[in-house]
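S.K.: what follows is a predicted protein model with its sequence.
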There are 2 protein chains.
Amino acid sequence: SMKMNEIIERARNAAKELAILSAEKKNEALLVMAEMLSTEAEKIKKANQIDIKNAEESGKNAAFVDRLRLTDARIKGMADMFKKVAELDDPIGKIIEKTIRPNGLVIEKVRVPIGVIGIIYESRPNVTADCVSLCLKSGNAVILRGGSDAINSNKAIYDALNKAACATSLVQGAFTLVEDTSRELIDDMLKAVGGIDLIIPRGGEDLIKRVVEKSRVPVIKHYNGICHVYVDKDADLKMALDVSYNAKVQRPGVCNAMETMLVNREIAKEFLSIAGRKLKSANVKIKGCNETKKIIDGISDVTERDFFTEYNDLILNIKVVKDLDEAIRHIAKYGSAHSDAIITENAKTALEFVKRVDSSAVFVNASTRFNDGGEFGKGAEIGISTDKIHARGPMGLEELTIYKYVVHGTGQVRE
Amino acid sequence: SMKMNEIIERARNAAKELAILSAEKKNEALLVMAEMLSTEAEKIKKANQIDIKNAEESGKNAAFVDRLRLTDARIKGMADMFKKVAELDDPIGKIIEKTIRPNGLVIEKVRVPIGVIGIIYESRPNVTADCVSLCLKSGNAVILRGGSDAINSNKAIYDALNKAACATSLVQGAFTLVEDTSRELIDDMLKAVGGIDLIIPRGGEDLIKRVVEKSRVPVIKHYNGICHVYVDKDADLKMALDVSYNAKVQRPGVCNAMETMLVNREIAKEFLSIAGRKLKSANVKIKGCNETKKIIDGISDVTERDFFTEYNDLILNIKVVKDLDEAIRHIAKYGSAHSDAIITENAKTALEFVKRVDSSAVFVNASTRFNDGGEFGKGAEIGISTDKIHARGPMGLEELTIYKYVVHGTGQVRE
């Protein structure tokens, strides 16, 4: 297998060609990739079986094995992603802003690819396919370093995508799977200033922390979602019930699911007696503050540590608060600035919440579950950034780009 | 003096208030700061004298002492910067994009401050004032860690700005000068994940490299400018002469000045015989390739190392190239992706140059010297980013911001 410096050099050369590749050529490659994933589905499943067997024999838990497993439906999902990305608008070359200066200079801000992106991920083999589709469409070369647990699945997916790349004469090095999964090669990626332009770690908090600790290449992080719904005194309580139920129950294992519900004291008794029943009927385990415990029977105490916890499960903290200010302070202290919602019919209260809550997405009268690239109309996403620079919230194609200035003159010189 | 964790905590609290401070309040503070810098000019100059004396006694060179020196004109320049920034549009709260989704959700992408910005810089005391003005207007709290050589000047400027802040009831911690200039406090800043959102080093390559090496907080870098002008065979040679002369001579010590001129072989003899005379008459020391040496008398050889060098001085490399492709490859290999220009009347040639040269600003028939926040209409700049994420080229107020999504619903839940 190739050495990291060879991989990076090939990727840099590929990036130059990808940056000026036409939308048609990119889409052609994407569609052939979609086809090839279907054609090679049996081979991919067979390779996946080896990873599954290894995982089971080494005693990995059921959730781990499930993330690893590739079914026909999941392979179809990967292929569909390529088709979907092919249909999206090409972000590259778009003029974002145009200014004409008093001296006649015409300044265009033009969208261009970032260059070479490194993805460091764990045991989800679909990440391999997703990242190739999004990086190719956005004109970036990508270096993929997946976990050793999924290496056979990743290689099989990579082989299929490579066949498609060859068939459509895509430049070599547009995407590269790092087949040697030793830790040293991650370190080589993280040190590759000037070689790799951006690292995106996809996985658990430990992985992200390790990457941040060591990387000299810029990193965009996708950390936890400790998301809140605040039910205001002026809430439509029926709406509050539906939205908070949705935010917790519809898919509890994801980052934009609610972990803590804050309820204004004035409506706490009326609201929580109904909400408690509904949440319990969906097997939600409730942890409540003292006031909540007086309203909902048979629930356990919520601790300060609970407020800092992303359960990713059917567990919910409930706290009664005095007012909007207490709710906002709670969110600032315990939240992760990911997705937070208020339910209120009071426009002034909503405005204050929206202004003061500094999360990647702030919702008024809607479920936190909507913080998602697809739901925001981006078509696809590589993750949800919790960072404060470059991109916040869902990262779709545009967020995988940057700009350059193109200045047209007629011989202007500076005085 | 305060400990770093205290400084950061105070800055984080201040950032919450600054994020929602009205444009009027921010501008009021900026104007009083401008006034206070003028009022305190004598005190500032007196403090600066101590730094100058120390620098001279420790044998610093003339350029160093000059960067450090605060004259009446320079203090007026700082005050004017505050007035100028007060006049600029407030970037905060601006709706960048608005989408209405099929389910009725209204999604607004709203410009917000980054949060807490750390500036690590060397011996230019004007950086203290510039950064306070730009960060305040963009709603960010700022922590300033300037070099020990300028500490007395920085303290005097800081005292003046603080008086203005108190007079206008600006929140404490909106800007903080780190008065203890020991190295450990830089390290504390670079480790402050969650405390500081962005580090901007301002200074030489060594400083930037040290910061990148150690920082776990995102960094935006302002590296060297190795800038090129390519004189195409279809250039208007009079224009080529004026623009290249301007790019080299008008202010050779800055990052957007030309370091290497590339000349198409077809017009080399005609162009270089005139250009050589004009550049020599401005005391430019020319280093040329063999072909250039045959045209311009009495110049020295250019080496490969020269092509990698940012002279910041009246020195110029000249190379004759076969064609556009050779010019573009030279720029990709030796350039720093800062500012590069082509002089040509051929629209097709210009387009290919613009597409293939991946620099923060690419110029057609204009001087590289225009890559500047003021010249681009940004009003002011904190530097010129050579990074590939978040901001490229001049960083003005907008580039010191990020966005959040604000989503308005009527009770929508996710299916």
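M.R.: Yes, it's here. Just so you know, these numbers come straight off a predicted model, no measurement behind them.
S.K.: and the residue in the stretch 251-400 of chain A positioned nearest to chain B, bridged to which residues?
M.R.: With CB to the nearest CB, the shortest gap between the stretch 251-400 of chain A and chain B falls at residue A:366, namely 2.9 Å. C-beta: built from backbone N, CA, C; applies to glycine. Judged by DSSP bridges, the bridge partners of residue A:366 are residue B:412.
S.K.: would you confirm that it contacts residue A:342?
M.R.: No: Residue A:366 is not in contact with residue A:342 according to CB atoms under 8 Å; the separation is 9.8 Å.
S.K.: returning to what we had before: what count of nearby residues applies to the residue of the stretch 251-400 of chain A closest to chain B?
M.R.: 31 (other CB atoms under 10 Å in any protein chain shown).
S.K.: got it, and the one 5 residues further on?
M.R.: By the measure other CB under 10 Å, the count of residues near residue A:371 is 28.
S.K.: same thing with the one 5 residues further on?
M.R.: Applying other CB under 10 Å, we find 21 other residues in the vicinity of residue A:376.
S.K.: for it, give me its contacts.
M.R.: A:370, A:393-394, A:396, B:99, B:101, B:107, B:405 (CB atoms under 8 Å, 6 or more residues apart in numbering or on different chains).
S.K.: from the stretch 101-250 of chain A, which residue is nearest to chain B?
M.R.: Here the stretch 101-250 of chain A gets closest to chain B at one residue, residue A:246, 3.5 Å apart by CB to the nearest CB.
S.K.: can you tell me how far residue A:409 is from residue B:136?
M.R.: 34 Å (CB to CB, to the nearest Å).
S.K.: equivalent analysis for residue A:277, please.
M.R.: 51 Å.
S.K.: same check, this time on residue A:181
M.R.: 48 Å.
S.K.: likewise for residue A:23?
M.R.: On the measure of CB to CB, residue A:23 and residue B:136 end up 43 Å apart.
S.K.: with residue A:387 instead?
M.R.: For residue A:387, the distance to residue B:136 - CB to CB - is 23 Å.
S.K.: near chain B, which residues of the stretch 201-350 of chain A?
M.R.: Within reach of chain B by CB under 8 Å from any CB of the partner chain, the stretch 201-350 of chain A has these residues: A:212-213, A:216, A:218-220, A:236, A:239, A:242-243, A:245-246, A:250-251, A:332, A:350.
S.K.: which one (most neighbours) among the residues you listed?
M.R.: residue A:243 (29 neighbours).
S.K.: tell me what the strand or helix carrying that residue is packed against?
M.R.: Element membership of residue A:243 [criterion: DSSP states H and E] is helix A:237-249. Where contact means 3 or more CB pairs under 8 Å, 6 or more residues apart in numbering or on different chains; DSSP states H and E, helix A:237-249 is packed against strand A:227-231, strand A:258-264, helix A:265-281, strand A:339-343, strand A:361-366, strand B:401-412.
S.K.: so after the one helix or strand in chain A whose mean pLDDT sits lowest, what's the next helix or strand?
M.R.: One helix or strand of chain A scores below all others by mean pLDDT, DSSP states H and E: helix A:62-68, with a mean of 90. Remark: after helix A:62-68, the chain's next helix or strand is helix A:72-87, criterion DSSP H and E.
S.K.: residues in contact with the residue nearest to residue A:336 when sequence neighbours are not counted?
M.R.: Spatial nearest neighbour of residue A:336, chain neighbours left out: residue A:226 (4.3 Å); criterion: CB to CB, 6 or more residues apart in numbering or on different chains. By CB under 8 Å, 6+ apart, the residues touching residue A:226 are A:259-260, A:307-310, A:334-336, A:338.
S.K.: residue A:390 now?
M.R.: When contacts are counted by CB under 8 Å, 6+ apart, residue A:390 touches A:218, A:220, A:399, B:389-390, B:402.
S.K.: and for residue A:242?
M.R.: B:411, B:413.
S.K.: tell me which residue lies nearest the centroid of chain A.
M.R.: residue A:383 (1.2 Å; CA atoms, centre = their mean).
S.K.: burial check on the residue nearest to that residue when sequence neighbours are not counted, number of neighbours?
M.R.: Nearest residue to residue A:383 in three dimensions, chain neighbours excluded: residue A:222, at 4.0 Å (CB to CB, 6+ apart). Residue A:222: 20 surrounding residues under other CB under 10 Å.
S.K.: about what we covered before: return the subset of the contacts of residue A:226 lying in strands.
M.R.: With DSSP state E as the criterion, strands contain A:259-260 from among the contacts of residue A:226.
S.K.: of the contacts of residue A:226, closest to residue A:317?
M.R.: Nearest to residue A:317 among those, counting by CB to CB, is residue A:260 at 4.1 Å.
S.K.: would you check that the closest one makes contact with residue A:315?
M.R.: No: judged on CB under 8 Å, residue A:260 makes no contact with residue A:315 at a distance of 10.3 Å.
S.K.: looking at those two, which is more packed in?
M.R.: Higher neighbour count among residue A:260 and residue A:315: residue A:260, with 26 against 16, using other CB under 10 Å.
S.K.: and that one, bridged to which residues?
M.R.: Going by DSSP bridges, residue A:260 forms beta bridges with residue A:228, residue A:317.
S.K.: could you do residue A:384 as well?
M.R.: Taking DSSP bridges as the rule, residue A:384 bridges to residue A:394.
S.K.: show the model's pLDDT score for it.
M.R.: With respect to pLDDT, residue A:384 scores 93.
S.K.: next, count neighbours for it.
M.R.: With other CB under 10 Å as criterion, residue A:384 counts 23.
S.K.: can you tell me the element residue A:18 falls in?
M.R.: helix A:4-19.
S.K.: give the contact list for the residue of the stretch 101-250 of chain A closest to chain B.
M.R.: Going by CB under 8 Å, 6+ apart, residue A:246 touches A:367, A:369, B:413-414.
S.K.: dump these to CSV, plus neighbour count.
M.R.: Output for these, formatted as CSV (neighbours: other CB atoms under 10 Å in any protein chain shown):
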residue, neighbour count
A:367, 31
A:369, 26
B:413, 19
B:414, 17
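S.K.: residue B:255: which of the residues you listed is nearest?
M.R.: Using CB to CB, residue A:369 comes nearest to residue B:255 of the contacts of residue A:246, at 46.6 Å.
S.K.: any idea of the pLDDT on the residue nearest to the closest one when sequence neighbours are not counted?
M.R.: Sequence neighbours aside, residue B:414 is the residue nearest to residue A:369 in space, at 4.0 Å (criterion: CB to CB, 6+ apart). On the pLDDT scale, residue B:414 is placed at 96.
S.K.: residue A:101 now?
M.R.: Looking at residue A:101, its pLDDT stands at 97.
S.K.: where does pLDDT dip in the stretch 301-415 of chain A?
M.R.: Applying pLDDT under 70 to the stretch 301-415 of chain A flags no residue at all.
S.K.: for residue B:377, see how far away residue A:354 is.
M.R.: 30 Å.
S.K.: compare neighbour counts for those two and give me the winner.
M.R.: The residue with more neighbours, out of residue A:354 and residue B:377, is residue A:354; 19 against 14, by other CB under 10 Å.
S.K.: now do the same contact list for the more buried one.
M.R.: For residue A:354, the contacting residues are A:342, A:362, A:364, B:406, by CB under 8 Å, 6+ apart.
S.K.: just the buried residues of those residues.
M.R.: Buried by 16 or more other CB atoms under 10 Å in any protein chain shown: A:342, A:362, A:364, B:406, out of these.
S.K.: and the nearest residue to the last one once chain neighbours are set aside, helix, strand or coil?
M.R.: I take that to be residue B:406. Computed as CB to CB, 6+ apart, the closest residue to residue B:406 that is not its neighbour in sequence is residue B:108, at 4.6 Å. The three-state assignment at residue B:108 reads strand, by DSSP: H, G, I helix; E, B strand; the rest coil.
S.K.: so residue B:108 bridges to which residues?
M.R.: Using DSSP bridges, the beta-bridge partners of residue B:108 come out as residue B:98, residue B:406.
S.K.: likewise the one 4 residues further on?
M.R.: The residues listed as beta-bridge partners of residue B:112 by DSSP bridges are residue B:402.
S.K.: and it, how far from residue B:140?
M.R.: From residue B:112 over to residue B:140 (counting by CB to CB), the distance is 10 Å.
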